[in-house]
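Participant: here's my sequence, what's the structure:
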Amino acid sequence: MTATADTPRAGPAWHFWLVSLIALLWNGYGCYDYVMSMTGGDAYLRSAGMTDGQIAYFHGMPAWMVCAWAIGVWASAAGTLLLLARSKWAVHAFALSLLGFLASQVYTHLLSDGGKLFGTQGMIMNGVILAGIVFFLWYASRMAKQGVLR
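Facilitator: Now for the predicted structure:
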């Protein structure tokens, strides 16, 4: 049922709060990793399991790639907060996050040797991240259509 001026808005079901909590933890870790990657130096990157070659690749990324990554991470964080606020803008934030992620993948796999450098483990990690973004975008869209987000 879609809410109108004459009908009350649908309240969120239990799964809304569960998905929102998962989104908060998932995207909170993404923000932590981004900040630590930018400020923690090579020690953090090594602690994350990166090799010297991968660290050199990371330091050589062009500014637009870092920007795409930042958009992906911070738009997902905004999407999570907007989801918790029950705002329909969560859909737009998660869509922007998906665009940032896809732009970063263009660089990684088409414009550089990042895909080869990070190998199967990197492909799996990126697949999991993509699945998470797509799920949160789908879920926010579904909640908007059901009138849970306003």
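Participant: show me where this protein dips below the pLDDT cut-off.
Facilitator: Across the chain, the ranges flagged by pLDDT under 70 are 1-10.
Participant: hmm, 90 instead?
Facilitator: The model of the chain has pLDDT under 90 over residues 1-12.
Participant: could you measure from residue 22 over to residue 15?
Facilitator: For residue 22, the distance to residue 15 (Cβ to Cβ, to the nearest Å) stands at 10 Å. Every C-beta, even on glycine, is put in place using the N, C-alpha and C of the backbone.
Participant: which one's more surrounded, the two?
Facilitator: residue 22 (15 against 10; other Cβ atoms under 10 Å).
Participant: what helix or strand is that one on?
Facilitator: Assessed by DSSP states H and E, residue 22 sits inside helix 14-39.
Participant: by contact count, what packs against that helix?
Facilitator: If contacts are counted by 3 or more Cβ pairs under 8 Å, 6 or more residues apart in numbering; DSSP states H and E, helix 14-39 sits against helix 41-47, helix 63-84, helix 114-145.
Participant: give me the buried positions along the shortest one.
Facilitator: What that stands for is helix 41-47. residue 45 (16 or more other Cβ atoms under 10 Å).
Participant: beyond that helix, next helix or strand please.
Facilitator: Next in line after helix 41-47, if elements are assigned by DSSP H and E, sits helix 52-59.
Participant: again with the second one
Facilitator: Toward the C-terminal end, the helix or strand that comes next after helix 63-84 (DSSP H and E) is helix 89-106.
Participant: check the offset of that following helix from the chain's centre.
Facilitator: 7 Å (Cα atoms, centre = their mean, to the nearest Å).
Participant: using PDB, write down the CA coordinates of that helix.
Facilitator: These are the backbone C-alpha positions of helix 89-106, laid out as PDB (Å, rounded to 0.1, in the frame of the first residue of the first chain):
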ATOM      1  CA  TRP A  89      16.700  10.000  -0.700                       C
ATOM      2  CA  ALA A  90      18.400   6.800   0.500                       C
ATOM      3  CA  VAL A  91      17.600   5.300  -3.000                       C
ATOM      4  CA  HIS A  92      19.500   8.100  -4.700                       C
ATOM      5  CA  ALA A  93      22.400   7.800  -2.300                       C
ATOM      6  CA  PHE A  94      22.700   4.100  -2.900                       C
ATOM      7  CA  ALA A  95      22.500   4.600  -6.700                       C
ATOM      8  CA  LEU A  96      25.300   7.200  -6.500                       C
ATOM      9  CA  SER A  97      27.300   4.700  -4.500                       C
ATOM     10  CA  LEU A  98      26.800   2.100  -7.200                       C
ATOM     11  CA  LEU A  99      28.000   4.600  -9.800                       C
ATOM     12  CA  GLY A 100      31.100   5.400  -7.800                       C
ATOM     13  CA  PHE A 101      31.900   1.700  -7.300                       C
ATOM     14  CA  LEU A 102      31.400   0.900 -11.000                       C
ATOM     15  CA  ALA A 103      33.700   3.800 -12.000                       C
ATOM     16  CA  SER A 104      36.400   2.400  -9.700                       C
ATOM     17  CA  GLN A 105      36.000  -1.000 -11.300                       C
ATOM     18  CA  VAL A 106      36.500   0.500 -14.800                       C
END
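Participant: that's all I had, so thanks and see you.
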